[in-house]
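Undergrad: got a predicted structure plus its sequence, pasted below:
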Amino acid sequence: MTTGVVPPSPTAVVTPALFGGELRGHEFLMTSLRTGNTEVFRFDPYSGDATNLTRSPNSHQRYPMWSPDGERFLFTSDRDGAYNLFIAKADGSDVEQLTHVSPPSAVYLPSWSREDDLIAFGISGTNARFEVIDTQKREVQVVAPGRDPHISANGAAITFTNWVETGYCVFVLDLKTAEVRQLTSHQNHIGAVTPTFSPDGKRILYSDSLGEVLEIFSLDVATGDIHQLTNFGMFATSPAWSPDQQWISFRLTDQNFWNDATIARQVHEERRGDKRPVWVMRADGREPHVLETLRYQCAIDGSRAVWHPKAHER
C-alpha cells in the first residue's frame, strides 16, 4: 500500500523553442491522423520525419508497442470488425493477427517483456480481463480480471488496475506466485490510469485523479513512495519511459471525453489532431514541453508515444 505522496512544485510550461536536440537519436511509435484515419507511424521527434507502418485506410489502428529488440511491433486494429492484436515487422510488413475477439470485446494496451518473450494485453467489454501470450508457442498463459495491464521487462510481473469502491487503484500480479498486491489506495474515478513499469522494473508511472483532472505520478515498487510529476490541472495520461529512463512521454488533453460515449463519438468524428498532443518531461517531472513534431495530427486514442528500445545503439 502507499505511503505519503510528495507533491511537485508548480509545473512550468516550458517554451518549446528552448528545446530542439534533446531527443536526437530517439524514435517513437505513435498513432496519427495524417492520412485521415488512425494509423501507426514511426516518428523522428527531432527531424519530424514520419513513416506510415500500417497503411490500412479502411480501418483504425491503435496502441502500438515495440518488441524488445525493435525489430517488430504490436498494434490493435478493427480491420476484422473488432479491435484485435496484430504483429508486424518494423517496416510494417508480414502482418499477423494474434487474437480473434468479437464485439463488444476489444483488445488494447499490449506490452512486451524483454525476457521470456511474453506479450500482455487487455480485453475490454462485458468481462474485462487481461491475457498473456507466449510469442513462441502462440498460447495464452494467463487470464486474470483487471484493466490496463503492463508487463515488466523481465516478464516477472504485470501491473494493472481494478475498480475498488469508487474508483480504480493500481495493482501488481506476480506471474510466478500468482500473488496480487494493491499498490495504491487513492481511488481514481476518472480512469485512464494506464500504469507502466520502468525498464528496470523499479518504478511504475500512472495517472491519478486530483479532483476532476488527471496528473501523472511515479511509484517506487519496493517502498510504495509516490511522487507527483505533473501539475497541469488538465488530463495528463498514457506515460511511457525512454529506454535510458531519462525521459517520459505522455499525452495531454483538456477533456476526459472517454467517459461520455456521446462526447467521445463527437470528438473522434471531429478528428482534431491538436486535441491530445505528445509531451515529454524529465524522469523527475522537470522540463515538461510539447513535442512540436507531435503537436498536431496525433490521434486522440489513449495510445502511448512509445520509444524505440534500441534507438541509441543503431
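TA: Noted; the coordinates are in hand.
Undergrad: can you give me the strands in the stretch 101-250 of the chain?
TA: Counting by DSSP state E, counting those that start in this stretch, the stretch 101-250 of the chain has these strands, from start to end: 106-112, 118-124, 129-134, 139-145, 147-151, 157-163, 168-174, 180-182, 196-197, 203-210, 213-220, 226-228, 235-241, 247-253.
Undergrad: now render these as JSON lines, adding distance to Arg276.
TA: (Glycine included, C-beta is placed from N, CA and C.) Formatted as JSON lines, the strands of the stretch 101-250 of the chain follow (distance: least, C-beta to C-beta, whole Å):
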{"stretch": "strand 106-112", "distance to Arg276": "16"}
{"stretch": "strand 118-124", "distance to Arg276": "19"}
{"stretch": "strand 129-134", "distance to Arg276": "24"}
{"stretch": "strand 139-145", "distance to Arg276": "28"}
{"stretch": "strand 147-151", "distance to Arg276": "17"}
{"stretch": "strand 157-163", "distance to Arg276": "20"}
{"stretch": "strand 168-174", "distance to Arg276": "20"}
{"stretch": "strand 180-182", "distance to Arg276": "29"}
{"stretch": "strand 196-197", "distance to Arg276": "17"}
{"stretch": "strand 203-210", "distance to Arg276": "13"}
{"stretch": "strand 213-220", "distance to Arg276": "12"}
{"stretch": "strand 226-228", "distance to Arg276": "21"}
{"stretch": "strand 235-241", "distance to Arg276": "8"}
{"stretch": "strand 247-253", "distance to Arg276": "4"}
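Undergrad: can you list these in JSON lines and add mean pLDDT?
TA: Output for the strands of the stretch 101-250 of the chain, formatted as JSON lines (pLDDT from 0 to 100):
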{"stretch": "strand 106-112", "mean pLDDT": "97"}
{"stretch": "strand 118-124", "mean pLDDT": "97"}
{"stretch": "strand 129-134", "mean pLDDT": "96"}
{"stretch": "strand 139-145", "mean pLDDT": "90"}
{"stretch": "strand 147-151", "mean pLDDT": "97"}
{"stretch": "strand 157-163", "mean pLDDT": "97"}
{"stretch": "strand 168-174", "mean pLDDT": "97"}
{"stretch": "strand 180-182", "mean pLDDT": "97"}
{"stretch": "strand 196-197", "mean pLDDT": "98"}
{"stretch": "strand 203-210", "mean pLDDT": "98"}
{"stretch": "strand 213-220", "mean pLDDT": "98"}
{"stretch": "strand 226-228", "mean pLDDT": "97"}
{"stretch": "strand 235-241", "mean pLDDT": "98"}
{"stretch": "strand 247-253", "mean pLDDT": "97"}
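Undergrad: pick the most buried one from the ones you listed.
TA: Most buried of the strands of the stretch 101-250 of the chain by mean neighbour count (mean count of other C-beta atoms under 10 Å) is strand 147-151; its value is a mean of 26.
Undergrad: among the strands of the stretch 101-250 of the chain, which is nearest Leu23?
TA: Closest approach to Leu23 among these is made by strand 247-253 (7.1 Å; C-beta to C-beta).
Undergrad: who does that closest one pair up with?
TA: strand 235-241 (antiparallel), strand 278-282 (antiparallel) (DSSP bridges).
Undergrad: off-centre distance for stretch 267-277?
TA: Distance of stretch 267-277 from its chain centroid, counting by C-alpha atoms, centre = their mean, to the nearest Å, is 18 Å.
Undergrad: how about residues contacting that stretch?
TA: 32-34, 36, 251-253, 255, 257, 290-291, 294-300 (C-beta atoms under 8 Å, 6 or more residues apart in numbering).
Undergrad: what's the average pLDDT for that stretch?
TA: For stretch 267-277, the mean pLDDT works out to 86.
Undergrad: buried subset of the contacts of stretch 267-277?
TA: Buried by 16 or more other C-beta atoms under 10 Å: 32-34, 251-253, 257, 290-291, 294, 297-300, out of those.
Undergrad: what's the closest of those to Thr126?
TA: Taking C-beta to C-beta as the measure, Thr126 lies nearest Phe257 of those, at 22.5 Å.
Undergrad: for the closest one, give me its contacts.
TA: Shown in contact with Phe257 (C-beta under 8 Å, 6+ apart): Ile263, Ala264, Val267, Ile300.
Undergrad: what of Thr159?
TA: Taking C-beta under 8 Å, 6+ apart as the test, what Thr159 contacts is 149-150, 152, 170-173, 183, 195-197, 204, 206.
Undergrad: of the strands paired with strand 247-253, which approaches Val306 most closely?
TA: Val306 lies closest, by C-beta to C-beta, to one member of the strands paired with strand 247-253: strand 235-241, at 5.2 Å.
Undergrad: how big is the angle separating the closest one from strand 147-151?
TA: If you take axes from the mean of the first three to the mean of the last three C-alpha atoms, to 10 degrees, strand 235-241 sits at 20 degrees to strand 147-151.
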